[in-house]
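*Asks:* Quick one: sequence plus predicted model below, questions after.
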Amino acid sequence: MLPYYELRHTVGFEETNLVGNVYYVNYVRWQGRCREMFLDEHAPEVLEDIRGDLKLFTLSVGCDFFAEITAFDRLSIRMRLEDLTQTQVGFAFDYVRLRGGAEDLVARGRQRVACMRGPNTDTRPTRVPEALRRALGPYGPGAPGAPSGRPAGSPSGG
């Protein structure tokens, strides 16, 4: 098993700005889409719980950009569990351009999510559902094949 959950994506014109580069907000959209597809494939019980009173609130999101991407670039958006507390989940995302058999890390993102329950007017923190904990286990720190340092293809610097 890979140490990350992967979502493949081909960039479309609608995701670029006037000069042809991918508009930054799309990186955040892709994080959300990757997280949604992970739930659909690996923790459908959590989706049922969301239809009830579970809420996954995004507390923070960010992205560092290393190279530009344009329309028709093919991407692998790779999500890993960065940390897990009683009520929150931290995700890390690598955006890897796939071209001619080569992989190039073009951006790296992070996202922090809190689990909440209750009506919208009275939500309270709640424990991360066990189904989500189990599903994330193979993609977290200490999982077989999980990165231990700077991944191959990432920029070096100081």
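*Replies:* Yes, it's here. Numbers count the residues shown, from 1 in each chain.
*Asks:* element containing Arg29?
*Replies:* helix 25-42 (DSSP states H and E).
*Asks:* Pull the distance from that helix to the chain's centre.
*Replies:* 6 Å (Cα atoms, centre = their mean, to the nearest Å).
*Asks:* List the buried residues for that helix?
*Replies:* 26-28, 30-31, 34-35, 38-39, 42 (16 or more other Cβ atoms under 10 Å). The C-beta positions use only the backbone N, C-alpha and C, and glycine is treated the same way.
*Asks:* try stretch 72-90
*Replies:* Within stretch 72-90, the residues that count as buried by 16+ other Cβ under 10 Å are 73, 75, 77-82, 84, 89-90.
*Asks:* Let's see it as PDB, backbone CA atoms only.
*Replies:* Only the C-alpha atoms of stretch 72-90 are listed here, as PDB (Å, rounded to 0.1, in the frame of the first residue of the first chain):
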ATOM      1  CA  PHE A  72      -3.500  19.900 -19.200                       C
ATOM      2  CA  ASP A  73      -0.800  19.200 -16.700                       C
ATOM      3  CA  ARG A  74      -1.500  15.900 -15.000                       C
ATOM      4  CA  LEU A  75      -1.400  15.900 -11.200                       C
ATOM      5  CA  SER A  76      -1.200  13.400  -8.400                       C
ATOM      6  CA  ILE A  77      -2.600  15.000  -5.300                       C
ATOM      7  CA  ARG A  78      -1.300  12.900  -2.400                       C
ATOM      8  CA  MET A  79      -2.900  13.200   1.000                       C
ATOM      9  CA  ARG A  80      -1.300  11.900   4.200                       C
ATOM     10  CA  LEU A  81      -2.300  12.100   7.800                       C
ATOM     11  CA  GLU A  82       0.000  14.500   9.500                       C
ATOM     12  CA  ASP A  83      -1.400  14.300  13.000                       C
ATOM     13  CA  LEU A  84      -4.400  13.200  14.900                       C
ATOM     14  CA  THR A  85      -5.800  14.400  18.200                       C
ATOM     15  CA  GLN A  86      -8.900  13.500  20.100                       C
ATOM     16  CA  THR A  87     -11.000  16.000  18.100                       C
ATOM     17  CA  GLN A  88      -8.900  17.200  15.200                       C
ATOM     18  CA  VAL A  89      -7.100  15.800  12.100                       C
ATOM     19  CA  GLY A  90      -4.100  17.400  10.400                       C
END
